[in-house]
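Asks: Return a 3D structure for these sequence lines:
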Amino acid sequence: MNKRAALIISEQGFENLAVAGISIAWLKAWIMVAGAGEVGVHLLKADARDDTEADWAVFFGHEDELGHVAQQRGYAGLTGLTAFTLNNPERSCWFVSESHQQCVFLSLGDIACQRHDWLSRLNGGAPLSPLYVRADDSLPIALEPGLSASRITPNDGEMLNDEGWLIEEQVIGILKRHKLFIRTVESCTAGGIAARLCRVPGASAVVDRAWVTYSNAAKQQEVGVASELLEIHGAVSEAVVRAMAEDGADASHVCLAVSGIAGPGGGTAEKPVGTVWIAFAMAGQGAHCQCLHLTGSRSEIQSRTVVGALNLLLTAVDKLHRPD
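Replies: Sure thing, here's the model as predicted:
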């Protein structure tokens with residue numbers, strides 16, 4: 001335990017992570033629960049060695065870049081290393097154990113869904129330590145807007161999970177376990193909830209469809225929100241988001257709905273920027289609604305809304321299926 005780790009990523013690697021929606025903070029947290037006490041992050045440069053003091057080194061970049069690094073380290077390119085395969089897309093990666101250092105060379109692709117594979121090579125197959133994830137910013141490890149984590153058991157507050165799962169992985173898992181299908185009706189997130197769920201391989205087993213209903217007309221035409229509700233309460237209101245969720249749900253599908261003011265304009269004294277209503281509905285159960293008061297840039301408010309909505313789903317499904 002408490003190994004020193006170095007995460008060395010090329011520019012293409014950073015682009016790959018950005019497209020996949022995986023933050024560096026998530027990668028650092030996973031490496032820490034595998035046994036690293038500290039994780040340094042470095043840019044993979046043509047002639048630099050940023051891992052000399054590390055017990056573990058994780059390289060992430062194009063195969064040509066990794067081959068150059070291996071050659072710099074005295075190997076006959078990547079052919080001198082132990083190869084293993086990761087998917088999405090299917091590609092070769094490599095591992096080497098030296099007297100002073102364990103190294104993995106990860107070529108570009110998904111490094112989240114099969115993370116236990118390459119992490120176990122670093123730590124010799126030892127189990128991962130807990131990583132307590134919460135849907136707020138109160139814990140010491142900031143993972144992304146609206147999600148934080150701790151390596152030790154927090155004293156208070158409800159946890160999403162203690163195994164370092166991404167929130168979308170947890171949601172897809174609980175929907176599959178309970179044989180539920182999901183729809184989303186999204187205004188301020190513009191399809192962000194559905195997009196996040198569909199990052200997970202196998203999401204098609206539970207995700208049905210998503211409506212992006214930015215205008216009032218779309219809310220009426222796509223899911224049947226009554227014009228009277230919009231006129232009386234406004235689009236950003238409990239009444240409207242409840243109707244969006246309930247009208248999107250049926251006997252076979254649960255529904256998440258959101259409507260809010262992401263900014264930077266559009267706020268009022270009554271409903272300032274960051275005011276977001278979220279709702280989750282199941283047929284025969286009515287809707288669970290919550291008002292969020294969020295801060296940050298437009299993208300941060302949208303990201304926090306996605307996290308808040310998925311957390312509401314997890315909480316509601318857990319309560320509905322919890323034994324009495």
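
Asks: who's in contact with residue 121?
Replies: Counting by CB atoms under 8 Å, 6 or more residues apart in numbering, residue 121 touches 84, 95, 102, 104. All C-beta spots, glycine's among them, are computed from the backbone N, C-alpha and C.

Asks: Just to check, the third one is in contact with residue 54?
Replies: This points to residue 102. No. Between residue 102 and residue 54 there is no contact under CB atoms under 8 Å: 9.3 Å.

Asks: Neighbour count for the two, which is higher?
Replies: residue 54 (23 against 19; other CB atoms under 10 Å).

Asks: Quick one: residues contacting the more buried one.
Replies: 3, 4, 5, 6, 40, 101.

Asks: the strands in the stretch 101-250 of the chain, which residues?
Replies: 102-107, 132-134, 141-144, 147-150, 181-186, 207-212 (DSSP state E, counting those that start in this stretch).

Asks: And the spatially most central residue of the chain, its phi and psi?
Replies: For the chain, the residue whose C-alpha lies nearest the mean C-alpha position (CA atoms, centre = their mean) is residue 166; its distance is 4.5 Å. Phi and psi for residue 166, reported as degrees, to the nearest 10, are phi -60, psi 150.

Asks: hmm, back to that, out of the contacts of residue 121, which two sit at the greatest distance?
Replies: Largest separation among the contacts of residue 121 by CB to CB: 84 and 102, giving 13.5 Å.

Asks: Now do the shared contacts for the two.
Replies: Common neighbours of residue 84 and residue 102 (CB under 8 Å, 6+ apart) are 95, 121.

Asks: Can you list the low-confidence ranges for this structure?
Replies: Where the chain drops to pLDDT under 70, the residues are 1, 46-48, 321-324.

Asks: How is it divided into domains?
Replies: For the chain, automatic domain parsing gives the domain ranges 3-129, 130-165, 167-320.

Asks: so of the ones you listed, which one's packed in deepest?
Replies: domain 167-320 (a mean of 19; mean count of other CB atoms under 10 Å).

Asks: For residue 254, list each beta-bridge partner.
Replies: Beta-bridge partners recorded for residue 254 (DSSP bridges): residue 182.

Asks: OK, contacts around it?
Replies: 175, 180, 181, 182, 183, 280, 281, 282, 313, 317.

Asks: doesn't residue 253 make contact with the third one?
Replies: Just to be clear, that refers to residue 181. Yes. Between residue 181 and residue 253 there is a contact at 4.7 Å, judged by CB under 8 Å.

Asks: list residues touching both of those two?
Replies: Residues touching both residue 181 and residue 253 by CB under 8 Å, 6+ apart: residue 208.

Asks: I'd like the distance from residue 301 to residue 149, if you could.
Replies: According to CB to CB, to the nearest Å, residue 301 stands 21 Å off from residue 149.
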